[in-house]
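In: when you get a sec, could you give me coordinates for this:
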Amino acid sequence: MMALAGVEWLFAILILIVFINRYVFGTLLRFWDKRNAPEFSRDPVVWPEVAIIVPVFNEGSHVLQTAKSFSRLQYPADKLSIIFVDDCSSDDTYEYLQEVAKTWPWMQVSCCAHWHRTPWRIFPRAPCRLRSGWLHRPA
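Out: Okay, here's the model as predicted:
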């Protein structure tokens, strides 16, 4: 009977520790968290130049969906280069790439990678779809 009372006290102490950790310290940490400050969420002063090079091979219409997701990126257009590189596809991928070039003239279509002199180079696969804020905070 005595051991059971000790277990109950231990359980009560553990519940108290969890409660204090969750609701007291958690509230204090949220209050002191600097990530909620307005200066933390502002845009950078200087945006780096970024080249997104998308290798494609027999992707077909998927390149249209990929290009559409790239067109929604929230990033300065003068700092962003998007290049689709076709690796001699044997299907109708090149025709879809020509449609991409007509729809979004600032996206480039190439048969070989022209390496841009940008600090960041990103190589996603062609059937990917990016959220609009994906490149906004690359950290």
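
In: from residue 33, how far out is residue 70?
Out: 33 Å (CB to CB, to the nearest Å). (Glycine included, C-beta is placed from N, CA and C.)

In: who has more neighbours, these two?
Out: residue 70 (24 against 10; other CB atoms under 10 Å).

In: am I right that the more buried one sits in a helix?
Out: Yes. Counting by DSSP: H, G, I helix; E, B strand; the rest coil, residue 70 is located in a helix.

In: that one - nearest residue in space that isn't next to it in sequence?
Out: residue 82 (5.2 Å; CB to CB, 6 or more residues apart in numbering).

In: on the three-state scheme, that neighbour is what?
Out: At residue 82 the chain is in strand, as set by three-state DSSP.

In: spit out the contact partners of it.
Out: 51-52, 54, 67, 70, 106-108 (CB atoms under 8 Å, 6 or more residues apart in numbering).

In: how about residue 100?
Out: By CB under 8 Å, 6+ apart, the residues touching residue 100 are 63-64, 67, 84, 107, 109.

In: one more time with 10 Å
Out: By CB atoms under 10 Å, 6 or more residues apart in numbering, residue 100 lies in contact with 54, 56, 63-64, 66-68, 70-71, 82, 84, 107-109.
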